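Colleague: heads up, no residue letters with this:
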């Protein structure tokens, strides 16, 4: 709702425009105490943060971040003040400090205090607030700063120990076909029916363009089952092969594609898992191949972007992020989960907010999250914008923005950007999303018209969909990007390219336009 | 279907392929100097390397036996053999914790550590660090109420309103349990970090909304919800990213319930939950003073893992910390492809009583049932029942995180649970690893609720003095004559 209001304000009050983005003394970062009670600052006095240089941490990254916001003192109404006067000084000081916000919203507290009679009762009430506040906040010595692991275990690293290749018969480097027959087929399921590669040497020897890997991390906050995303997409044989109707390109003929297997995952720790994912994505990208990562939950975007920065340099890769969720969680007890990959990637300066573009947002995030995005300089195109402007216009703008700032582009596709009609198999579905007829063209076009160096499809939870539909759609999105990459390799990078063969029997131009 | 099984399956395929290639290369017609499998070039191996391959446990880490390894090495010259063994030994060495040799450069991400991460770092800067686990004191309630369980029913007879277990009234704090003299309280622990399919976080919610925990029992001839003071204690807070964090809070909260003289009926959650629940019983009744009856397809006795808490090491954790004695644990229904001989050997050394499906097949259910009940009765008088829904055959519990075919029927499980709860002093019961969305039908949730109802019935029967062996009501079992 709020972005619409802001835009409306701009439309009706053009005189306001110059002041909107000018430096005013408004202290945007000084949001109050905790998220729950954070008052939304007045939107009309928005001040944009300075642009972030590559490799720099965005100036306002920690604004609105629980735990990192300066504590705003509480203004206590006079009648409440009159009642609490009887309390000892330090208790009054506590109430004035604003620390009670981590226990309850100030207004609820004031309301209660007005009804309490007697010093004893009042003292008990305030003591309870002080006690809870103390318990809620981190206290060194009392609360853990880390979760110990069993470093004495002989199997500490078993989960990601790579199998010694010496145990297999010797073979030359290069992708290995699992087909028995000349014309393919042999019963083994791989991504897009591609041959298998295990090492960077295989990728180099095979001059591999695209390496598809699984990363079955399963620690999402909704329904879980993202672990089986890669397995389902490999097993469903449909959707990833053949010729694309709009471009008449068969990606399998144009590109050297491999299935690079799965990254090892510690299903009890996202923090450990992402280290191995980052190594593997980096290892692929370093050979010049484009890594396509099939998740797994959206935490994966962090190691994927970190690996992109490792190879192409910090702040040199732009991101198009399809999602119903903002995923800009921050200030949580765990450093990373599937709701906060963006903050982590920006906090470590792998990417710049100015190069980050979101599409399809509609989950019920608080207004302050959008304000944070605007403040740090991110770009977003919500479903509200799609409703207002139409998909065509939004798509054109996103494609234009994709190549504006950076030479390299990464696409992160959370399948819950799709409507649950197309994608019931996902952990945190949200109604009112994109259709496949909207998603396929934009993915194909982005992968054809911009320099995509990495792509992920995350949050596919196949077990939640008793049909094949969610997985087929996952495969079709993979195919759309493969098509685009193949088009690019063939030089078909003009905006919205269609093969003349693709429409109107390939024979006439009934509609008489230049589309 | 678990990742682990897939992996081992894949390894099996790879090993088989290696074997067949080795066999092809040593078949007649190939190079004349190919050595037959019998004469593998081990002569240049050091004593340490020979000892390494002579140790079966080492080879099992790679999914190999000595015979399979010899097949792999058969066609190779001495250098290649040495290189193979060296790479295996290096792999096993690298599998150990590798501490940082250099300090972490300033500003480098904690998620990109130099050397192995010795502990998973948390974020002490987080706002409201402990907010998820702090119970709101009564004085901070917006609306004051006297302590005690309160009903969510508008009508005297209401079945489909706001769902609670057995239609029981709600209790939120320990004071409510005490004031209501609650005897049995349900509590959900929606931890979802199991090693199989994950969905157990939805079990408490879905099971509350399913029939089966309340009503008349045809065997005991009573309605336990009438006989007992029940309460639904809601769900405990879990950390969905960390079993370790969850274990601490659950142990404390279940401990409070036991302090309030309540028999907790815990609804998981994956089997990780067994550690803190049984630990809280040991906290109350004394370490080594609790008997555990575990109905489960899995023995959960993995050891030497990198994480201290997970579903597959709940039992070994309790034993290693001395909270329960091996001889006081009775397991029934063990089966499935995840088992390992060395674990069973370790369990035997610990004196644990296990009754696998192999035993049930060879000795018959009746005999195993009687034996298991007797073993539990011989242990400490405080009995805890841990029921992992996977003990049931997938026909009855498709919605299990770690299903294994060939399990118990409902008609085997229900009498056993009712009897243990009637004939011994059960101090706690848990229903774990129900993953309701894996079952497109209502069956798993309904069956899990009926199992809980069987124990409720048993506890009510015990309260009413119906504790004689295998008691069945004359009214219901013999047309009342």
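Modeller: Nice, thanks for sending it over. Remember, it's a predicted structure, so these values are computed and weren't measured experimentally.

Colleague: gap between the helix or strand containing residue A:472 and the chain center?
Modeller: Applying DSSP states H and E as the criterion places residue A:472 in helix A:469-489. The chain centre lies 19 Å from the centre of helix A:469-489; the measure is C-alpha atoms, centre = their mean, to the nearest Å.

Colleague: before we move on, what about stretch B:404-412?
Modeller: Here stretch B:404-412 is found 17 Å from its chain centre; the criterion is C-alpha atoms, centre = their mean.

Colleague: Show me what it is in contact with.
Modeller: B:295, B:297-298, B:332-333, B:335-337, B:357, B:365, B:369, B:390-394, B:396-397, B:447, B:450-451 (C-beta atoms under 8 Å, 6 or more residues apart in numbering or on different chains). C-beta coordinates here come from the backbone N, C-alpha and C atoms, glycine included.

Colleague: The residues you listed also near chain A: which ones?
Modeller: For chain A, no contacts are drawn from those by C-beta under 8 Å from any C-beta of the partner chain.

Colleague: Generate the PyMOL command that creates a selection of the buried members of the residues you listed.
Modeller: Buried members of these, defined by 16 or more other C-beta atoms under 10 Å in any protein chain shown, are picked up in PyMOL with:
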select buried, chain B and resi 295+297+298+332+333+335+336+357+365+369+390+391+392+393+394+396+397+447+450+451
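
Colleague: Based on its surroundings, how many neighbours for the nearest residue to residue A:282 once chain neighbours are set aside?
Modeller: Once flanking residues are discounted, residue A:282 sits nearest to residue A:307: 4.0 Å by C-beta to C-beta, 6 or more residues apart in numbering or on different chains. Using other C-beta atoms under 10 Å in any protein chain shown, residue A:307 has 27 neighbouring residues.

Colleague: isn't residue A:307 right up against residue A:285?
Modeller: Yes. Between residue A:307 and residue A:285 there is a contact under C-beta atoms under 8 Å: 6.2 Å.

Colleague: Give me the common contacts of the two.
Modeller: A:291, A:454.

Colleague: Skipping adjacent residues, who's closest to the residue of the stretch 51-200 of chain B found nearest chain A in space?
Modeller: The nearest approach of the stretch 51-200 of chain B to chain A comes at residue B:127, 2.6 Å away (C-beta to the nearest C-beta). Of all residues not flanking residue B:127 in the chain, residue A:66 sits nearest, at 2.6 Å (C-beta to C-beta, 6+ apart).

Colleague: The residue of the stretch 51-200 of chain B closest to chain A looks like it's in a strand, true?
Modeller: No. Using DSSP: H, G, I helix; E, B strand; the rest coil, the assignment for residue B:127 is coil, not a strand.

Colleague: so where's the stretch 201-350 of chain A shaky on pLDDT?
Modeller: Residues of the stretch 201-350 of chain A meeting the criterion pLDDT under 70: none.

Colleague: Residue A:60 is in contact with residue A:376, correct?
Modeller: Yes. The pair residue A:376 / residue A:60 is scored as a contact, 5.1 Å apart, by C-beta under 8 Å.

Colleague: okay, those two: which has more neighbours?
Modeller: Taking other C-beta under 10 Å, residue A:376 and residue A:60 do not tie; residue A:376 has more neighbours (25 against 21).

Colleague: so what's that one up against?
Modeller: A:49, A:52, A:58-61, A:63, A:346, A:353.

Colleague: Kindly report the same for residue A:515.
Modeller: By C-beta under 8 Å, 6+ apart, the neighbours of residue A:515 are A:496, A:498.

Colleague: Over to residue A:229?
Modeller: Taking C-beta under 8 Å, 6+ apart, we find residue A:229 in contact with A:214, A:216, A:294-296, A:457-462, A:474.

Colleague: hmm, try it at 10 Å
Modeller: Shown in contact with residue A:229 (C-beta atoms under 10 Å, 6 or more residues apart in numbering or on different chains): A:214-218, A:294-297, A:415, A:425-426, A:457-463, A:470-471, A:474.

Colleague: now the strands: where do they sit in the stretch 351-481 of chain B?
Modeller: For the stretch 351-481 of chain B, strands defined by DSSP state E, counting those that start in this stretch occupy the ranges B:353-356, B:382-388, B:426-432.

Colleague: Apologies, that question was intended for the stretch 151-300 of chain A.
Modeller: A:210-215, A:257-262, A:290-295.

Colleague: Lowest-scoring secondary structure element of chain A by mean pLDDT?
Modeller: helix A:17-20 (a mean of 32; mean pLDDT, DSSP states H and E).

Colleague: going on from that one, what's the next piece of helix or strand?
Modeller: Criterion used, DSSP H and E; the element after helix A:17-20 is helix A:78-84.

Colleague: Show residues contacting that following helix.
Modeller: For helix A:78-84, contacts defined as C-beta under 10 Å, 6+ apart pick out A:74-77, A:91-92, A:95-96, A:106, A:109-117, A:119, A:122-123, A:125-126.

Colleague: So which of those residues would count as near chain B as well?
Modeller: The subset of the contacts of helix A:78-84 within reach of chain B, by C-beta under 10 Å from any C-beta of the partner chain, is A:109, A:111-112, A:115-116, A:125-126.

Colleague: sorry, back to before: just the buried subset of the contacts of helix A:78-84, please.
Modeller: By 16+ other C-beta under 10 Å, the contacts of helix A:78-84 give A:74, A:76, A:91-92, A:95, A:106, A:109-110, A:112-113, A:116, A:122-123, A:125-126 as buried.

Colleague: List just the nearest of those to chain B.
Modeller: residue A:125 (5.7 Å).

Colleague: roughly how far out does stretch A:118-131 sit from the chain middle?
Modeller: With C-alpha atoms, centre = their mean, you get 44 Å for stretch A:118-131.

Colleague: Stretch A:496-515 now?
Modeller: On C-alpha atoms, centre = their mean, the centre of stretch A:496-515 falls 37 Å from the chain's centre.

Colleague: Secondary structure class of the closest residue to residue A:285 other than its chain neighbours, three-state.
Modeller: Among residues not flanking residue A:285 along the chain, residue A:311 sits closest, at 4.3 Å (C-beta to C-beta, 6+ apart). Secondary structure state of residue A:311, per three-state DSSP, is helix.

Colleague: what's the neighbour count on residue A:311?
Modeller: 20.

Colleague: model confidence over the helix or strand harbouring residue A:112, on average?
Modeller: Using DSSP H and E, residue A:112 maps to helix A:106-115. Across helix A:106-115, pLDDT averages out at 96.

Colleague: Which neighbouring elements make contact with the helix or strand that it is followed by?
Modeller: Downstream of helix A:106-115, the first helix or strand assigned by DSSP H and E is helix A:119-136. Other elements packing on helix A:119-136 under the criterion 3 or more C-beta pairs under 10 Å, 6 or more residues apart in numbering or on different chains; DSSP states H and E are helix A:78-84, helix A:89-97, helix A:106-115.

Colleague: Just the mean pLDDT for helix A:119-136, thanks.
Modeller: The average pLDDT within helix A:119-136 is 96.

Colleague: before we move on, what about stretch A:151-167?
Modeller: Stretch A:151-167 comes out at a mean pLDDT of 95.

Colleague: Check what pLDDT the residue minimising distance to the centre of chain B gets.
Modeller: When C-alpha atoms, centre = their mean is applied to chain B, the residue found nearest the centroid is residue B:271 (2.7 Å). For residue B:271, the pLDDT comes out at 98.

Colleague: how about it, what does it touch?
Modeller: By C-beta under 10 Å, 6+ apart, the contact list for residue B:271 reads B:191, B:193-196, B:200, B:294, B:296, B:298, B:300, B:310-315, B:386, B:388-390, B:401-402, B:430, B:432-433.

Colleague: if I look at it, how far off is residue B:426?
Modeller: For residue B:271, the distance to residue B:426 (C-beta to C-beta, to the nearest Å) stands at 19 Å.

Colleague: Those residues of the stretch 251-400 of chain B touching chain A, which are they?
Modeller: So the stretch 251-400 of chain B meets chain A at B:272, B:302-311 (C-beta under 10 Å from any C-beta).

Colleague: Ranking by neighbours, what's the top pick from the residues you listed?
Modeller: residue B:272 (33 neighbours).

Colleague: List the contacts of it.
Modeller: Residue B:272 makes contact with A:268, B:189, B:191-195, B:200, B:238, B:243-244, B:246-247, B:250, B:300, B:307, B:309-314, B:317, B:432-433 under the criterion C-beta under 10 Å, 6+ apart.
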